[in-house]
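S.K.: Quick one: sequence and predicted model below, then my questions.
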Amino acid sequence: MQKLILVNVRIDYDAWVAVGNLAHDMEISKARRDLNWEKQFKLALYPEEAKAVRASRMPEHEDSCTMCGSFCAAKGAAKLFSEDLQLSGKA
């Protein structure tokens, strides 16, 4: 038997619309890609909550996220696409 786990995510739609422009989305996406936690916190809708979640689930290695640990998809993708990102100027 498989278990289904649902996560309750609170989203303030008005707050998201207020900052949800393309430039903001690209900036936070790059911060996620680069595992730049401080920039992610700065750009988050709820920065204090984001910091609290990170602090409560601190992974073994600080350069990984709380979901993946040593199997971090962002780190793997960075290794795989680093040359392409440098050449395109999107790094």
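M.R.: Cool, got the structure.

S.K.: longest single helix anywhere in this structure?
M.R.: helix 73-88 (DSSP state H).

S.K.: how far is it from where the chain is centred?
M.R.: Centroid separation between helix 73-88 and its chain, computed with CA atoms, centre = their mean, to the nearest Å, is 16 Å.

S.K.: Could you pull up the mean pLDDT of that helix?
M.R.: The average pLDDT within helix 73-88 is 78.

S.K.: where along this protein do the helices fall?
M.R.: Counting by DSSP H, the helices of the chain are 13-19, 22-33, 37-43, 47-56, 73-88.

S.K.: Most tightly packed of those helices?
M.R.: helix 37-43 (a mean of 16; mean count of other CB atoms under 10 Å). Using the backbone N, CA and C atoms, a C-beta is placed for each residue, glycine as well.

S.K.: CA atoms of that helix as CSV?
M.R.: Extracted C-alpha coordinates of helix 37-43, given in CSV (Å, rounded to 0.1, in the frame of the first residue of the first chain):
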residue,chain,number,x,y,z
TRP,A,37,20.1,30.6,0.7
GLU,A,38,20.5,34.3,1.8
LYS,A,39,19.2,35.5,-1.5
GLN,A,40,16.3,33.0,-1.5
PHE,A,41,15.3,34.3,2.0
LYS,A,42,15.5,37.9,0.8
LEU,A,43,13.3,37.1,-2.2
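
S.K.: what comes into contact with it?
M.R.: V19, H24, E27, I28, A31, R32, P47, A50, K51, R54 (CB atoms under 8 Å, 6 or more residues apart in numbering).

S.K.: Pick out the residue nearest the middle of this protein.
M.R.: When CA atoms, centre = their mean is applied to the chain, the residue found nearest the centroid is R32 (3.6 Å).
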